[in-house]
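**Q** Okay, here's the prediction I keep looking at, along with the sequence it came from:
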Amino acid sequence: MLRYEYKYFVPYARLGKVRMLLAPFMELDPYAREEGGEYTVRSIYFDTPDLECYFQKVSGVKRRNKVRLRGYNGGDARSRVFFEIKKKMDDPLLKHRAALTYEEAQQVLQGRPLEELDLAANNEADAYQEARRFLYHLHARRMRPVVTIIYEREPYQPFFPDEENDLRITLDKNLRTVAWPSLESLFVETDSRHVRPMHFILEVKFNRQLPGWVKSVLSSLGLAREAASKYALCLESHPDISTGRRRGVISNA
């Protein structure tokens, strides 16, 4: 399903006010409550040798995609991870994903056939199709790991959810990044650097329409919608990547 995603930079000094304004309408989602209020999101982003995904973003191309391997919190070989493609379709977004273990993901990225895995255990019926879509982009476009992006997510859902609209507001904090990751380093933060350390990113996600009360909250905070691409922000924090000086790339990704 197509989905809208609005982003805003917010100073950390206003974090308490944001929480206060959301409190009458929303609560932490169940997973975040289990984790003590937030969880860590970790993604290895892939790009082409000429950084096509990055330059399409900064050039304002309306239809583009991002390709990533995503995991959560700390992890090991048995942790659940996702092959993901996030497609931009003018304004709305469409996400493709397939779940597998981290060990399986590494094996597939190193050449193991998908048919040897039981993807149906943790996915929808089209899991193999989604995984093949991911691998097609990697191989056809010669994509390689470029950066790992890490942050803590504080996610909120309405007290009375509307399944058709599926409103979700997330506060993404402590954004940091690692350059030139290996496929084995999704859960490693050695040599990470912080990005926009004085701000967090507020994201509003919905399927159909932005509720009026959300508009009022954003207005009361004086927030303006911005192009807050974590991938672009993190890549630009590594001058050796953004200027095209590539090194340390995994050859069999």
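**A** Received the coordinates, thanks.
**Q** where do the strands sit along the stretch 101-250 of the chain?
**A** Taking DSSP state E, counting those that start in this stretch as the criterion, the stretch 101-250 of the chain carries its strands at 144-158, 168-179, 193-194, 199-206.
**Q** Now distance to residue 41 too, for those strands, in JSON lines please.
**A** No exception for glycine: its C-beta is placed from N, CA and C like everyone else's. Listed next are those as JSON lines, based on distance: least, C-beta to C-beta, whole Å:
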{"stretch": "strand 144-158", "distance to residue 41": "5"}
{"stretch": "strand 168-179", "distance to residue 41": "8"}
{"stretch": "strand 193-194", "distance to residue 41": "15"}
{"stretch": "strand 199-206", "distance to residue 41": "11"}
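**Q** Quick check: which of those strands is nearest to residue 222?
**A** strand 199-206 (12.3 Å; C-beta to C-beta).
**Q** any idea of the angle that closest one forms with strand 144-158?
**A** 70 degrees (axes from the mean of the first three to the mean of the last three C-alpha atoms, to 10 degrees).
**Q** beta partners of the residue nearest the centre of the chain?
**A** With distances taken as C-alpha atoms, centre = their mean, the residue of the chain nearest its centroid is residue 43 (6.4 Å). Under DSSP bridges, the beta-bridge partners of residue 43 are residue 70, residue 149.
**Q** how about stretch 42-60: buried residues?
**A** 42-48, 51-54, 56-57 (16 or more other C-beta atoms under 10 Å).
**Q** Quick check: of these, which lies closest to residue 97?
**A** Proximity of the buried residues of stretch 42-60 to residue 97 (C-beta to C-beta) peaks at residue 43, which lies at 11.6 Å.
**Q** any low-confidence regions in this protein?
**A** 1, 120-125, 242-253 (pLDDT under 70).
**Q** Tell me how many other residues crowd the residue lying closest to residue 17 once chain neighbours are set aside.
**A** Spatially, and ignoring its direct neighbours in sequence, residue 17 is nearest to residue 221 (7.1 Å; C-beta to C-beta, 6 or more residues apart in numbering). Neighbours of residue 221 under the rule other C-beta atoms under 10 Å: 15.
**Q** Now do residue 221 against residue 22, distance only.
**A** Using C-beta to C-beta, to the nearest Å, residue 221 is found at 11 Å from residue 22.
**Q** And the strands of the stretch 101-250 of the chain: which comes nearest residue 32?
**A** strand 144-158 (5.3 Å).
**Q** Output the contacting helices and strands for the closest one.
**A** Under the contact definition 3 or more C-beta pairs under 8 Å, 6 or more residues apart in numbering; DSSP states H and E, strand 144-158 sits against strand 26-28, helix 30-34, strand 39-47, strand 168-179, helix 230-236.
**Q** As PDB, could you dump the C-alpha coordinates of that strand?
**A** Written as PDB, here are the backbone C-alpha positions of strand 144-158 (Å, rounded to 0.1, in the frame of the first residue of the first chain):
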ATOM      1  CA  ARG A 144      27.500  -2.300  -2.600                       C
ATOM      2  CA  PRO A 145      27.300  -1.400   1.100                       C
ATOM      3  CA  VAL A 146      27.900   2.300   1.600                       C
ATOM      4  CA  VAL A 147      26.900   3.300   5.100                       C
ATOM      5  CA  THR A 148      25.300   1.800   8.200                       C
ATOM      6  CA  ILE A 149      22.600   4.100   9.700                       C
ATOM      7  CA  ILE A 150      21.700   3.700  13.400                       C
ATOM      8  CA  TYR A 151      19.300   5.500  15.600                       C
ATOM      9  CA  GLU A 152      16.900   5.100  18.500                       C
ATOM     10  CA  ARG A 153      13.200   5.100  17.600                       C
ATOM     11  CA  GLU A 154      10.400   6.200  19.900                       C
ATOM     12  CA  PRO A 155       7.200   5.200  18.100                       C
ATOM     13  CA  TYR A 156       3.700   6.200  18.800                       C
ATOM     14  CA  GLN A 157       0.300   4.800  17.700                       C
ATOM     15  CA  PRO A 158      -3.200   6.200  18.200                       C
END
